[in-house]
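S.K.: kindly return the folded structure for what I paste below:
(chains A and B)
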Amino acid sequence: MIDRTLSSTALRTYWLGRYLERAGSTARLVSVNANLIIDLPALLSLGWMPLVQILSQEEEYLSLYGDKKNAGTSTANRNERENNEKSVVKFLLSDQRNPGSLLNALAFARENARTLRGSFPRGAYEHINEAYLSAKDLLQEPLSRSRRTTGLQDIIGHLDLINGFLSSTMLHNASWQFYRLGNFIERADMTTRLIDLRTTNLVKSASDLEPFTVIQWRSVLNSLDSMQNYTICMQNPVNQEDVLEFLLQNDDLPRSLMRCLNTIRNCLRQLPNNTEPLELVNNMRRQLQRARVRSLKDDRLHKYVDTRQKQLFTLHNKITNQYFPKS
Amino acid sequence: MAINWKTYQADNVWDELIAPNGRARKGGAALKAALGKLDDSELLERRHAAELAIRSMGITFTVYSGEGSDTIDREWPFDIIPRLVLKSEWDEVTKGLIQRVKALNLFIDDIYHKQQILKDGVLPRQYIDKSKDFRPECMGISPPHSMWAHICGSDLVRGGDGTMYVLEDNLRVPSGVSYMLENREVMKRVFPELFSDYLIHPVDDYTTELAKCLRSLNPNSTRSPQLAVLTPGIYNSAYFEHAYLANAMAAELVEGRDLEVGKDDYLYMRTIQGLVRVDVLYRRIDDSFLDPEVFNPESALGVPGIMRAWRAGKVALANAPGCGVADDKVIYTYVPDIIEYYLSEKPLIPNVPSYRCVEKDHRDYVLDNLDKLVVKPANESGGYGMLIGPKASRKERDQFARQIRANPRNYMAQPMLNLSTSPTLIDANAEPRHLDLRPFILSGANHYVTTGGLTRVAMRKGSIVVNSSQGGGSKDTWVVDPQ
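M.R.: The predicted model follows:
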């Protein structure tokens, strides 16, 4: 059977998948970081700036909020820390000027969903629209911390519902594969970013600070909604070696790099003319299977993760060239 | 508190639900009684429920905010009190509408072939020569079934004596049908119990009929033709509708950049697998933007070469290019003559009496009576560019008089109609508001008329402007059998 999915529909569907995944990641990042800050002693606190770094948005952030010097470092005083929390949270969640803010990601997703009404189940737009409208209502005013936490949970709930809804109602045709490609490329990207950043900023492992590095790894697991799964799969207290193996190589974990690559491979297999991107993804899988990620540390870890990110970017480009409209 | 029917009064106009003696018209008693049983909070709750449904279903329309390309996406304005039409009356209207589109299609086909109607002197040739929507590029083309205007939206209004008139025929890219369908969905969510009191004829077969109509135009020998809906894009005021219809017909929703015409003159869409042929294109962009090779060369919305494909008979376009020639408000004034000329029948639904500014005696009358008349430009839609004489200022009327003198061909005038009213929920009470009705008529291998249509209502007291872009709302339209 000929697949009639328009190139432009494939493009929008892919980005819908990315935007929705990104919105969820951002919501989880912010709510987990709030907990991390509570758990770490003020002296060790990394503040809020790392979230901006994880998302590679330092430049945008500093151009908008840059006058606050030393913002977010542990040397900043209490007042500045709080200001910093306010502006980073605003920047990440609701700032219209930040194209990557949660609200903008949802707005873009909604806009894409609106153009996709022809090829998506009708209820999908309603759910995405609801997610956007409730986020907009919630984020209109500055939020108290407790309101923020429950509000972000609501948004995450909406997003989970959208994925569940699509999975159980949408035809699992080419459009669905593009949606999932968007989801999982974005997800793989986020998982590797989190590992990268938390390792560069990791408290240097003097033995008396050991508990706090554990707290940081826990926060990475929490940001990926994977703490409970870690306990089940690894049966070990949280430690760097196990976390790395778990987040990179465990094939059962929905947010591990391996799982993402496997899903991406499965999606591509359902699509026509898939040779180039499929080849790359298969290489990435083989490399990941063979890698001894447990022993990666410091600079080598950073380089390893950095290479994965570059490969993901190449994969995105290959998919773009193969399927999307030439602009 | 509840709706106070005792104080409900439609002043000197026909009310669709309440007769002058204060009782419900035939078929309306159950609705009047059911509404009367709701107290204020129940009424407002229902209205709120309707607003929520519209919001979450994402039923929107886009308003141009004036300057530049800024647009606002608004939720669809909806009144929860339905407008009733008796089935027996609707059957008559249906016959009249089919008569009308048959004649209009014969007229368009004649204009692009022999032009017999001009030769016979029934219609002066200058009206065609000077029509903005006459397309010489269409001369000699014979579309399938000789049908040009496949989708027509005719606006019906009812005057003070209860007579139903055709106010205008929209033959280019008429919109609104998706709102007709959505209004019914909203009503089912909001007033489910009312549906058990009535036999309300369903409206939802429209999209099936539209798909059937489009398939009947297939020029290629494929068993199941590929349908596509061409939209100008997400910022068009009717984008919601384009997506809605494409979805309901399982047609592809495409923009110009998704399409190309091959060296073989077939129309193709760009898919992830390469080019796939399109057999029938329901285009929702105006002629002038359709093909930059033939019409407006600046158009980025259209498809270069699509006129070539159409003329070669390799793709069907609905509506056919050039059919706007019958959608001219001056041509409108001749529709009764057109019906008699081609069908040898008397028109079943009358036109609103009209004056042609290009004819001297008509023009003199119009200029002398601007304060009593509604003056409309020949080729505008959406209620733009018209003068409502009785409500206009002296200055506005003088300015319009100058415009008419400068370009009389471009204007026609009609007496200000006392549009009928129907009870509309204002705060927690029912008040009369003016309305019209837009049914949709399909013409392919067969004809089809919607059951009822889109009722548009002027929400402001006394206003007769029903366009949603200018503060109009809408109602569900119930074609009912009397109990």
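S.K.: make it CA atoms for all contacts and neighbour counts henceforth
M.R.: Fine.
S.K.: what about B:R409, how many residues nearby?
M.R.: Using other CA atoms under 10 Å in any protein chain shown, B:R409 has 19 neighbouring residues.
S.K.: so the residue of the stretch 101-250 of chain B found nearest chain A, which of the three states?
M.R.: Relative to chain A, the nearest point of the stretch 101-250 of chain B is B:N247 (4.3 Å; CA to the nearest CA). Here B:N247 takes the helix state, with states given by DSSP: H, G, I helix; E, B strand; the rest coil.
S.K.: quick one: contacts for it?
M.R.: By CA atoms under 8 Å, 6 or more residues apart in numbering or on different chains, the contact list for B:N247 reads A:R117, A:G118, A:S119, B:L253.
S.K.: okay, now the unreliable bits of the stretch 351-483 of chain B?
M.R.: Along the stretch 351-483 of chain B, segments meeting pLDDT under 70 span B:381-383, B:483.
S.K.: for it, what spans make up the helices?
M.R.: For the stretch 351-483 of chain B, applying DSSP state H, counting those that start in this stretch gives helices covering B:360-368, B:394-406.
S.K.: ok, the stretch 1-150 of chain A next?
M.R.: Secondary structure of the stretch 1-150 of chain A by DSSP H, counting those that start in this stretch: the helices cover A:7-39, A:49-54, A:58-65, A:78-93, A:102-115, A:122-139, A:145-169.
S.K.: now these in TSV, with mean neighbour count, distance to chain B and mean pLDDT?
M.R.: Formatted as TSV, those follow (neighbours: other CA atoms under 10 Å in any protein chain shown; distance: least, CA to the nearest CA, whole Å; pLDDT from 0 to 100):
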stretch	mean neighbour count	distance to chain B	mean pLDDT
helix A:7-39	22	5	90
helix A:49-54	18	32	85
helix A:58-65	14	25	88
helix A:78-93	19	22	80
helix A:102-115	24	6	89
helix A:122-139	20	5	87
helix A:145-169	16	13	91
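S.K.: need those in JSON lines (columns: distance to B:I441).
M.R.: Listed next are the helices of the stretch 1-150 of chain A as JSON lines, based on distance: least, CA to CA, whole Å:
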{"stretch": "helix A:7-39", "distance to B:I441": "31"}
{"stretch": "helix A:49-54", "distance to B:I441": "57"}
{"stretch": "helix A:58-65", "distance to B:I441": "54"}
{"stretch": "helix A:78-93", "distance to B:I441": "49"}
{"stretch": "helix A:102-115", "distance to B:I441": "27"}
{"stretch": "helix A:122-139", "distance to B:I441": "26"}
{"stretch": "helix A:145-169", "distance to B:I441": "34"}
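S.K.: next one: the closest residue to chain B within the stretch 101-250 of chain A from B:M139, what distance?
M.R.: Minimum separation of the stretch 101-250 of chain A from chain B (CA to the nearest CA) falls at A:G118, amounting to 4.3 Å. A:G118 sits 35 Å away from B:M139, taking CA to CA, to the nearest Å as the criterion.
S.K.: which one of the two has more residues nearby?
M.R.: For A:G118 versus B:M139, neighbours defined as other CA under 10 Å are more numerous around A:G118 (25 against 16).
S.K.: for that one, give its distance to A:L166.
M.R.: From A:G118 to A:L166 the distance is 14 Å (CA to CA).
S.K.: one more: B:D286?
M.R.: 35 Å.
S.K.: go on, B:Q115?
M.R.: Distance, B:Q115 to A:L166, by CA to CA: 55 Å.
S.K.: burial count for the closest residue to chain B within the stretch 151-300 of chain A?
M.R.: Taking CA to the nearest CA, chain B has its nearest neighbour within the stretch 151-300 of chain A at A:P272, 6.4 Å off. A:P272: 15 surrounding residues under other CA under 10 Å.
S.K.: and for the one 3 residues further on?
M.R.: Close neighbours of A:T275, defined as other CA under 10 Å, add up to 12.
S.K.: check A:V214 too.
M.R.: A:V214: 17 neighbours (other CA under 10 Å).
S.K.: interface residues of the stretch 151-300 of chain A facing chain B?
M.R.: Counting by CA under 8 Å from any CA of the partner chain, the stretch 151-300 of chain A comes close to chain B at A:P272, A:N273.
S.K.: find the closest residue to chain A in the stretch 301-450 of chain B.
M.R.: Closest point on the stretch 301-450 of chain B to chain A, by CA to the nearest CA, is B:L301, at 14.8 Å.
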